[in-house]
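Visitor: Structure of the sequence below:
(one chain, ligands or ions: 4)
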Amino acid sequence: MGAVQLTAAVAFVCLLLPDTAAQNLIKNPREQKTEHSLLINEINADNPGLDTWEFLELYHTSGHQAALDGYYLVFYNGNGNQAYKVLNLQGHVTNSQGFFLVGSHTVNPLPSLTLRPNTIQNGPDAIALYYGNGRYFEGIKVTNNGLVDALVHKSKKADKADTLLSVLTPDQDAFLEDPLFRSTDESLERCRGSDLQWFFQVAMPTPGRDNHCIPSSQLNASTVLISEISTVSTSEGLEFIELQGPPSTTLGDLVLVLIEGGAKEVYFFMDVYGKTSPDGVLLIGPAQSKTPVDLQFPQNASSPLFRAGPNAVALYLGNSSSFSLGTAASATNLLDALVYTSNRSTAPELLEILTPGRPIFYEDERHQQGDVSVSRCSCCSVTRDASAYALSSPTPGQFNDCPSKRFSQAISFCLHGADCQQWSPGSNEIQRVLAHSLDAQCNCGVSAVYFKGKVYLYWQWCSGLG
Ligand SMILES: [Ca+2]
Ligand SMILES: [Ca+2]
Ligand SMILES: [Ca+2]
Ligand SMILES: [Ca+2]
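Guide: Ligands and ions are numbered 1, 2, ... in the order given. Alright, predicted model coming up:
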C-alpha cells in the first residue's frame, strides 16, 4: 500500500519513534539531570589463555565527544567487596562517537587509558561508574554513593556476588561472560530488550564500536537465514550470499536457490554445507573472492550469477536433487526468502508464493555501482520478509553493517484522511508504508528496519478535523 492510499484511509495518526535516551541499569535521579548519560557499555574481563586483551568500553549516549571530568571507575573484588582498582577520569574525553576505552595496549583501537595484562578480574566482581565529589580509593568498601552505572560480572555460572549486587544493582543478577559462548573471545555487551530495558549479553567483542545486539537466544536458534546478498561484482568485491545460523555449527540439508521473478522459475541452485563461524556466519561466493569464502559457487555457475530485474534468493531444507533448472517457485520446505528488484519492476506472483503479504526489496541506483549490499538488520525471528533488510556496506563473512541506534531521533507523523474507520494498520504495516514513502522522497535507501524502538499510535476521532 502506498502513502497516497494511506492518507486517504486514515484520519489522524501520529507516530513517535523515540530517541534511545539514556536509561541506566541504575536509576539515580540526582545523576540524571541531563538528557544524555555515560554508560558502561561493554566489558571483556576474561580472555582465552593469558588476559592480555581486556577492555572496558564506556559510551556517552549523546554519540558525540563528551568530557569525563568528575567521573570515576571503580573495580570491586567480589571476595571482600572492596575496590581493587580506581581510575579517575578527570581530563579525559570520549571520542567523537561517544566511546571511551580502558584496556590492554593490544586492543584495537588503542584504549585511552591502558591497563597492564590481567588487571580486570574475571569475577565474581563488579565495575562501577561514579560521578561527583565522593572519595573513591583502592580498598574502599562497595558503595552506591554517587553511583551512575554498574555491572556485576562473573565467568562461572555458580559464582555468587550477593553483596555487590545488593549495593550496586539491586534486583539484577550477575552477568555471565560465558567462556564457552565462542571458540575465540567474547565480551559482555549492553543491549536493549524488546521491553526497552537495558541488559548485558555475551557476544563478539566490539571495542570502540557499536555492540552487536542480536539476542543470544535467536543467534543460537537452529534456524539458518539469508543474512546478506551482494548481487553486483565490481573491482571492490564480487557477488556473494551470506547465511546466518547457529555459531560454529556444521550445516547440511540446505539448498540455496535463485529464482527469476517474471517466469517464477529456478535458474540456479546448489547444496549448502560447511561450518558456520563463531558468529554463525557462512559465506558463499566465487573461488576468486578477496574475502575467503566458506563455500564456493559451483565451477559451472554463470558469472555474473545474479540476474537483473525482480528476482529471489531462497533457502530450502533438503538437497539439490529436488530441484532442476526451470522448476517452478514453491514454498515447500522454504526456510527463508528475499524477493528483490534491481529495477523498479516488481514480481507480485513470486512475492505471493515466497513471501505472501510482504513487500519486495528495492535495490537502488547506488546498488548497481556495487559498493552496497542488502543486509538483514532484523535478526532472527523475522523470516521471508524483505522489510527485515536494509541497504548497507558489504560485510562478507562479518556481522552486517546496519542502521545504528546511535544516530536515531524521535520523529512523528500526522496523517490526514477522510475515513479512519476503514483501515486499522498494525505498527509493522505503518513502518513499511512510511519507509517506502520516505524512500520515494529521498531515494536514500530507507527501509522499515530503520525504525527502531517502540511506535506509539495516537488516534483522533475523524469528526472535528474538517
Ligand atoms: Ca572474554
Ligand atoms: Ca581478567
Ligand atoms: Ca562495543
Ligand atoms: Ca555480513
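Visitor: Run a quick neighbour tally on Val74.
Guide: 26 (other CB atoms under 10 Å). (Each C-beta comes from the backbone N, C-alpha and C, glycine too.)
Visitor: same check, this time on Ala45
Guide: Neighbour tally, Ala45, other CB under 10 Å: 23.
Visitor: quick one: secondary structure of the residue nearest to it when sequence neighbours are not counted?
Guide: Leaving aside its chain neighbours, Ala45 sits nearest to Ile120 (4.5 Å; criterion: CB to CB, 6 or more residues apart in numbering). Three-state call for Ile120 (DSSP: H, G, I helix; E, B strand; the rest coil): coil.
Visitor: any weak-confidence spans in the stretch 51-200 of the chain?
Guide: 194 (pLDDT under 70).
Visitor: Just confirm the residue nearest to Ala45 contacts Asp51, I think it does.
Guide: Yes: between Ile120 and Asp51 there is a contact under CB atoms under 8 Å: 7.3 Å.
Visitor: Need the residues touching each of these two.
Guide: Ala45 (CB atoms under 8 Å, 6 or more residues apart in numbering).
Visitor: higher neighbour count, the two?
Guide: Using other CB under 10 Å as the criterion, Ile120 and Asp51 rank with Ile120 on top: 25 against 19.
Visitor: May I have the residues that are in contact with the more buried one?
Guide: 43-45, 51, 54, 56, 75, 103, 127.
Visitor: rerun that using 7 Å as the cut-off
Guide: 45, 54, 56, 75 (CB atoms under 7 Å, 6 or more residues apart in numbering).
Visitor: for Ala301, same thing?
Guide: Counting by CB under 7 Å, 6+ apart, Ala301 touches Phe268.
Visitor: Kindly state the pLDDT recorded for it?
Guide: Ala301 carries a pLDDT value of 92.
Visitor: Check the stretch 251-400 of the chain for the residue nearest ligand 1 and tell me.
Guide: Closest residue of the stretch 251-400 of the chain to ligand 1, CB to the ion: Pro278 (12.2 Å).
Visitor: Please report how far the closest residue in space to that residue that isn't next to it in sequence lies from ligand 2.
Guide: The shortest distance from Pro278 to any non-neighbouring residue, by CB to CB, 6+ apart, is to Arg182 (4.2 Å). Going from Arg182 to ligand 2 by CB to the ion, to the nearest Å gives 16 Å.
Visitor: And for Leu256, the neighbour number?
Guide: Per other CB under 10 Å, the neighbour tally for Leu256 reads 20.
Visitor: so what strands line up beside the helix or strand containing it?
Guide: Assessed by DSSP states H and E, Leu256 sits inside strand 250-260. Strand 250-260 has its sheet partners listed here by DSSP bridges as strand 265-275 (antiparallel), strand 310-317 (antiparallel).
Visitor: what residues does that strand touch?
Guide: 224, 241, 245, 265-276, 282, 284, 307, 311-320, 323, 329, 350.
Visitor: Of those, select the buried ones using a PyMOL command.
Guide: Here is the PyMOL command that selects the buried residues among the contacts of strand 250-260 (16 or more other CB atoms under 10 Å):
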select buried, resi 224+241+245+266+267+268+269+270+271+272+274+276+282+284+307+311+312+313+314+315+316+320+323+329+350
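Visitor: Among the contacts of strand 250-260, which ones lie close to ligand 1?
Guide: Near ligand 1, judged by CB under 5 Å from the ion, there are no entries from those.
Visitor: Which residue, other than its chain neighbours, is closest to Glu189?
Guide: Asn211 (3.8 Å).
Visitor: if we can go back for a sec, can the strands paired with strand 250-260 go into JSON lines with extra columns for distance to Gln82 and mean pLDDT?
Guide: Output for the strands paired with strand 250-260, formatted as JSON lines (distance: least, CB to CB, whole Å; pLDDT from 0 to 100):
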{"stretch": "strand 265-275", "distance to Gln82": "45", "mean pLDDT": "97"}
{"stretch": "strand 310-317", "distance to Gln82": "54", "mean pLDDT": "97"}
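Visitor: I'd like the ones you listed written out as a markdown table, with distance to Gln299 added.
Guide: A markdown table is the format used below for those (distance: least, CB to CB, whole Å):
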| stretch | distance to Gln299 |
| --- | --- |
| strand 265-275 | 11 |
| strand 310-317 | 20 |
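Visitor: any chance of these in TSV, plus distance to ligand 3?
Guide: Formatted as TSV, those follow (distance: least, CB to the ion, whole Å):
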stretch	distance to ligand 3
strand 265-275	26
strand 310-317	30
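Visitor: Helix, strand or coil: sort out the residue of the chain found nearest ligand 4 for me.
Guide: Nearest residue of the chain to ligand 4: Thr395, at 3.6 Å (CB to the ion). What three-state DSSP gives for Thr395 is coil.
Visitor: In terms of helices and strands, where is the residue nearest to it when sequence neighbours are not counted?
Guide: Spatially, and ignoring its direct neighbours in sequence, Thr395 is nearest to Asp401 (5.2 Å; CB to CB, 6+ apart). Counting by DSSP H and E, Asp401 is held by no secondary-structure element, helix or strand.
Visitor: So Asp401 versus Ser375, what's the distance?
Guide: Going from Asp401 to Ser375 by CB to CB, to the nearest Å gives 7 Å.
Visitor: Compare those two (neighbour count), which wins?
Guide: The residue with more neighbours, out of Asp401 and Ser375, is Ser375; 24 against 17, by other CB under 10 Å.
Visitor: quick one: the strand or helix carrying that one to chain centroid distance?
Guide: Per DSSP H and E, Ser375 falls inside strand 373-376. Relative to the centre of its chain, strand 373-376 is centred 12 Å away, using CA atoms, centre = their mean, to the nearest Å.
Visitor: same for it, what does it pack against?
Guide: Applying 3 or more CB pairs under 7 Å, 6 or more residues apart in numbering; DSSP states H and E, we find strand 373-376 packed against strand 225-230, strand 389-392.
Visitor: Kindly compare burial across these and name the winner.
Guide: Highest mean neighbour count of the helices and strands packed on strand 373-376: strand 225-230, a mean of 25 (counted as mean count of other CB atoms under 10 Å).
Visitor: Partner strands of that one and their direction?
Guide: Partners of strand 225-230 in its sheet, by DSSP bridges: strand 240-244 (antiparallel), strand 373-376 (antiparallel).
Visitor: from what I can see Ile214 touches Cys379, true?
Guide: Yes: applying CB atoms under 7 Å, one finds Ile214 in contact with Cys379, separated by 4.6 Å.
Visitor: and the residue of the stretch 251-400 of the chain closest to ligand 1, helix, strand or coil?
Guide: Going by three-state DSSP: Pro278 is coil.
Visitor: what does the stretch 151-300 of the chain have sitting close to ligand 1?
Guide: Going by CB under 5 Å from the ion, the residues of the stretch 151-300 of the chain near ligand 1 are 185-186.
Visitor: which bits of the stretch 151-300 of the chain sit near ligand 4?
Guide: Residues of the stretch 151-300 of the chain lying close to ligand 4 by CB under 5 Å from the ion are 228, 242.
Visitor: Apply 6 Å and report the result again.
Guide: 227-228, 242 (CB under 6 Å from the ion).
Visitor: That'll do, ta.
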